[in-house]
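In: Need a 3D model of the sequence below.
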Amino acid sequence: MEKIGLFFGTQTGNTESIAQMIQEALGGESVVALHEIFSVEPSDFAAYDRIIIGCPTWNIGELQSDWAGFFDELDGIDFSGKKVAYFGAGDQVGYAENFQDAISTLEERISEQNGITLGYWSAEGYEFNESNALRDGKFCGLAIDEDNQSELTSDRIQAWVKQLRQEFSLSLF
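Out: Below you'll find the predicted structure:
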């Protein structure tokens, strides 16, 4: 089976921890290769047909700093035919006006480069005012709030991974 490339940036370590939980839930290192975006070259994406992108929303709707530094590089990557799922860490209470905006920014840019978005996640169970990440009532990826709903993180990851197995056409093991 081809590996999944999971590319993430982290500021406080939450997104890295979430990435590791997703990796483990999907079957470990033999299934998912983790890549911290600060050490990635644009050519690294070519090795994968299934990609997971992880980014926290920082400050007021901004990309995490390593993703911000890499953002323009996305224009030179052909995501044609690549299935791409997103997850983000954010604070729905403290930043209720732009919850999960960073994954929206990345999803829009990668979609412009012909990436196929998978892994939409229901907005039910969250309390926020606005989010650019909403698409027809669902987030464009898994929304995690370690600040206010950390007790839900594991169950949300397990449910999302089950969904990704189907959408990525992975066998169950």
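
In: rest of the way, CA atoms for contacts and neighbours
Out: OK.

In: May I have the strands that pair with the helix or strand encompassing L6, each with its orientation?
Out: Assigned by DSSP states H and E, L6 falls within strand 4-8. According to DSSP bridges, strand 4-8 forms sheet pairs with strand 32-36 (parallel), strand 50-54 (parallel).

In: Looking at the first one now, give me its mean pLDDT.
Out: Read that as strand 32-36. Per-residue pLDDT over strand 32-36 has a mean of 98.

In: related to what we said a few turns ago, closest to L134 out of the strands paired with strand 4-8?
Out: Smallest distance to L134 across those (Cα to Cα): 16.3 Å, for strand 50-54.

In: Run through who's touching the helix or strand bottoming out on mean pLDDT in the chain.
Out: Sorted by mean pLDDT, DSSP states H and E, the helices and strands of the chain end with strand 57-58, the least confident at a mean of 94. Identification of contacts with strand 57-58 by Cα atoms under 8 Å, 6 or more residues apart in numbering yields 63-64, 88-90, 99-103.

In: Let's see that with 7 Å instead.
Out: 63-64, 88-90, 100-102 (Cα atoms under 7 Å, 6 or more residues apart in numbering).

In: cool, stretch 143-151 as well?
Out: Residues outside stretch 143-151 that contact it (Cα under 7 Å, 6+ apart) are 87-92, 100, 153.

In: In strands, which of these fall?
Out: 87-89 (DSSP state E).

In: Just put those residues in a markdown table and tack on neighbour count, pLDDT and distance to Y120.
Out: Below are those laid out as a markdown table (neighbours: other Cα atoms under 10 Å; pLDDT from 0 to 100; distance: Cα to Cα, whole Å):
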| residue | neighbour count | pLDDT | distance to Y120 |
| --- | --- | --- | --- |
| F87 | 30 | 98 | 9 |
| G88 | 29 | 97 | 12 |
| A89 | 26 | 96 | 15 |
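
In: What is the nearest of those residues to E107?
Out: F87 (10.1 Å).

In: related to what we said a few turns ago, now a PyMOL select for only the buried ones of the contacts of strand 57-58.
Out: Paste this into PyMOL to select the buried members of these, with burial taken from 16 or more other Cα atoms under 10 Å:
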select buried, resi 63+64+88+89+90+100+101+102
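
In: quick check, nearest of the contacts of strand 57-58 to L142?
Out: After measuring the contacts of strand 57-58 against L142 - Cα to Cα - the closest member comes out as G88, at 6.3 Å.

In: just checking, what packs against the helix or strand encompassing M21?
Out: According to DSSP H and E, M21 maps onto helix 14-26. Counting contacts by 3 or more Cα pairs under 7 Å, 6 or more residues apart in numbering; DSSP states H and E, helix 14-26 is packed against helix 153-167.
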